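Engineer: when you get a sec, could you give me coordinates for this:
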Amino acid sequence: MSLPDHYSTLELTPTASQREIKQAYRRLVKQFHPDTNNQSNHSHEKMLRLNFAYEILGDPAQRQAYDQQRLVIGSRSFGFAVNIPTENYHQARQKDQDFALWLRNVYEPVSKIIRNIIRPLQEQIDQLAADPFDDVLLEEFQGYLGKSATLLSAARSRLQTCPNPARAGAIALNLYYCLNQIDDGLEDLYTFTLNFDDSYLHTGQELFRIATGLFREANAAVKTSTPL
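Structural biologist: Predicted structure coming up:
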């Protein structure tokens with residue numbers, strides 16, 4: 001499993017202060033904003049990465065969770081484990097049961113919701129593309145967005161009200177980031193239906209693409225966290 005290097009995106013080191021993070025974000029936004037940068041495609045993608053990085057690092061709580069996950073992944077990459085007290089058989093078995101219960105009660109239903117939001121998007125866009133100004137097609141697309149927002153709320157509620165066991169940390173973190181990207185994507189897609197500015201449509205699609213990648217990371221983390 002890998003995590004995006006948000007510090008590198010903001011051209012910072014992990015020891016940067018919150019003030020330095022904010023300053024770096026503002027500086028880079030001015031540099032890569034599409035309105036001031038001729039390389040529109042590159043700058044658009046860069047802006048998405050900058051916003052995603054700042055969303056995580058700009059929030060002390062999210063930054064702490066991100067840093068902890070970097071530590072865990074880094075320790076695995078170098079072939080050693082974070083210090084964990086020796087467990088007896090019953091403790092280990094209880095953790096296995098807690099993990100399996102969390103997968104069944106949280107991961108599986110949240111994953112189903114994510115798929116039900118992401119998978120229909122392209123078909124919905126293709127249908128709307130036939131005539132974006134058709135009231136019926138537009139209403140159907142907005143209906144999909146409204147239904148997705150309701151599903152998103154349910155997924156977030158389940159993820160937040162059922163704390164994950166330590167073994168599921170990487171899975172929960174990627175699901176959390178995934179839902180954030182879906183939320184932002186839905187907002188941009190809805191804005192598109194109000195002003196028909198294609199930039200909102202493209203941004204919404206890109207945010208869903210990022211969400212899909214994070215969802216894959218969560219699925220990969222399940223495989224590496226589940227005992228053979």
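Engineer: can I get whichever strand or helix holds residue 109 in PDB, CA atoms only?
Structural biologist: Element membership for residue 109, per DSSP states H and E: helix 108-118. Once side chains and other backbone atoms are set aside, the C-alpha atoms of helix 108-118 remain, and they are given as PDB (Å, rounded to 0.1, in the frame of the first residue of the first chain):
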ATOM      1  CA  GLU A 108     -18.400  -4.000   3.300                       C
ATOM      2  CA  PRO A 109     -21.400  -1.700   3.500                       C
ATOM      3  CA  VAL A 110     -19.300   1.500   3.000                       C
ATOM      4  CA  SER A 111     -17.600  -0.200   0.000                       C
ATOM      5  CA  LYS A 112     -21.000  -1.000  -1.500                       C
ATOM      6  CA  ILE A 113     -22.100   2.600  -1.100                       C
ATOM      7  CA  ILE A 114     -18.900   3.900  -2.800                       C
ATOM      8  CA  ARG A 115     -19.400   1.600  -5.700                       C
ATOM      9  CA  ASN A 116     -23.100   2.600  -6.000                       C
ATOM     10  CA  ILE A 117     -22.000   6.300  -6.200                       C
ATOM     11  CA  ILE A 118     -18.900   6.000  -8.500                       C
END
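Engineer: mind giving me the packing neighbours of that helix?
Structural biologist: Contacts defined by 3 or more CB pairs under 8 Å, 6 or more residues apart in numbering; DSSP states H and E place helix 108-118 against helix 135-161, helix 169-195, helix 198-225. For every residue, glycine as well, the C-beta is placed using N, CA and C.
Engineer: near residue 7, how many other residues are there?
Structural biologist: If you count neighbours by other CB atoms under 10 Å, residue 7 ends up with 20.
Engineer: that one against residue 15, yeah?
Structural biologist: No: the pair residue 7 and residue 15 fails to qualify as a contact (CB atoms under 8 Å) at a distance of 9.2 Å.
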